[in-house]
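1. below are the sequence and a predicted model for it; my questions follow.
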Amino acid sequence: MVREQEWQPAGVDIDTPSGSRIYDYALGGAHNFAADRAAAEAFFAAYPDAPLVARSNRAFLQRSVRYCAHQGIKQFLDLGSGIPTVGNVHEIAQRLVPAARVVYVDNEPVAVAHTREIIADLPYTAIVDADMRDAETVLGAPETRELIDFDQPLALMMVAVLHYVSDEDDITGILARYRSVLAPGSVLVVSHTTEDPRPEIEAVIQRVFKETGTPVIHRDRAEVAALLDGLELVEPGVVWTPQWRPDDDTDPLFAEPERSATFAAVGRVPSIL
């Protein structure tokens, strides 16, 4: 086990749980701290499905990246990329397309520091230290401009991030700005949590994420579908994460996909006639 003091970036608050570090812990990652693990274990005790939800979401991300690569897309902009664990976007994409270009975006210090360490020797991969809600900074960053050609199809990844963006943040405007740079043939990949129908579980979810300083905003299926208005929905549309083009039935939530409590969808920018 890597000791915390060996990899803790300077200035990181390790006493307040972080949503991205709880997610890392749920996926079996090692880049989390005692406060994150305590919050996670309390969360899992009240919501035993939580680790399965995280793994199902990660499996969707991997399938969507493979789909994009098979469609000929060779560049990826991953917003709110989080702490890199096994099966990151660049690992999946560059296994299929060695010269695929990947730009990660996050502003969580551990996520940024560890991503930089992992990709240090990779010529086609970079990270932008920025809040994904600040689209101008993300799109204008030197790393983005160096690796991404906005005249070519791009996979814009918004996986498990939009539930941290409130209506007050102007989610519509943020999406519009990012979508404005997408060339025909580009895709928007989205996964988004939804309210758990069990009141006691929903209360736990809201309490835990409020304590992290990153409260979640759940949206229903219609609201998630609206985020992709104007795009061509890739089959099977807006579905639970285990239902989006599954490779097999090994996802532990495959038989009860609604337990994932997360919608997934991919929308394609229409070609110009």
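-> Perfect, I can see it now. Numbers count the residues shown, from 1 in each chain.
2. all contacts plus neighbour counts: C-alpha atoms, from now on.
-> Fine.
3. what's the pLDDT at residue 84?
-> On pLDDT, residue 84 comes in at 76.
4. same deal with residue 113?
-> With respect to pLDDT, residue 113 has a value of 84.
5. for it, grab the count of nearby residues.
-> Neighbouring residues of residue 113 were enumerated by other C-alpha atoms under 10 Å; the total is 18.
6. now swap in residue 15 and tell me
-> Residue 15, neighbours per other C-alpha under 10 Å, totals 10.
7. oh, and call the first residue 48 from now on, that's how I've got it
-> Sure, I'll start numbering at 48, so the last one becomes residue 62.
8. return the distance of it relative to residue 226.
-> 37 Å (C-alpha to C-alpha, to the nearest Å).
9. how about the secondary structure of residue 215?
-> helix (DSSP: H, G, I helix; E, B strand; the rest coil).
10. what's the burial count for it?
-> By other C-alpha under 10 Å, neighbour count at residue 215 equals 7.
11. residue 254 too?
-> 14.
12. show me which helix or strand of this protein is least confident by mean pLDDT.
-> The least trusted helix or strand in the chain, going by mean pLDDT, DSSP states H and E, turns out to be helix 51-54, with a mean of 50.
13. contact partners of the helix or strand following that helix?
-> Downstream of helix 51-54, the next assigned helix or strand under DSSP states H and E is helix 66-73. The contact list for helix 66-73 (C-alpha atoms under 8 Å, 6 or more residues apart in numbering) reads 77-80, 83-84, 86-87, 97-98, 101-102, 129-132, 155, 158, 256, 259, 261.
14. what about helix 66-73, average pLDDT?
-> On average, the pLDDT along helix 66-73 is 81.
15. give the other helices and strands that whichever helix or strand comes after it contacts.
-> For helix 66-73, the succeeding helix or strand toward the C-terminus, using DSSP H and E, is helix 81-93. The elements that helix 81-93 packs onto, with contact taken as 3 or more C-alpha pairs under 8 Å, 6 or more residues apart in numbering; DSSP states H and E, are helix 66-73, helix 97-117, helix 246-258.
16. low pLDDT regions in this structure?
-> Scanning the chain for pLDDT under 70 picks out 48-58, 244, 246, 259-260, 320.
17. hmm, try it at 80
-> By pLDDT under 80, the weakly predicted segments of the chain are 48-60, 65-67, 70, 77, 131-133, 243-262, 319-320.
18. most centrally placed residue in it?
-> Nearest to the geometric centre of the chain sits residue 206, at 2.9 Å (C-alpha atoms, centre = their mean).
19. of all the helices and strands packed on helix 81-93, which lies closest to residue 274?
-> Across the helices and strands packed on helix 81-93, residue 274 has its closest neighbour in helix 97-117 (17.3 Å, C-alpha to C-alpha).
20. list the buried residues of the closest one.
-> Using 16 or more other C-alpha atoms under 10 Å as the test for burial, helix 97-117 gives 97-113, 115-116.
21. what angle sits between it and helix 246-258?
-> 70 degrees (axes from the mean of the first three to the mean of the last three C-alpha atoms, to 10 degrees).
22. show me what the next helix-or-strand element following helix 97-117 is packed up against.
-> Next in sequence after helix 97-117, counting helices and strands by DSSP H and E, comes strand 122-126. With contacts defined as 3+ C-alpha pairs under 8 Å, 6+ apart, the packing partners of strand 122-126 are strand 148-153, strand 202-206.
23. what does the helix or strand just after the longest one rub up against?
-> So the one you mean is strand 148-153. Using DSSP H and E, the helix or strand that follows strand 148-153 in sequence is helix 156-166. Identification of contacts with helix 156-166 by C-alpha under 8 Å, 6+ apart yields 55-56, 59, 67, 78, 128-131, 153, 172-176.
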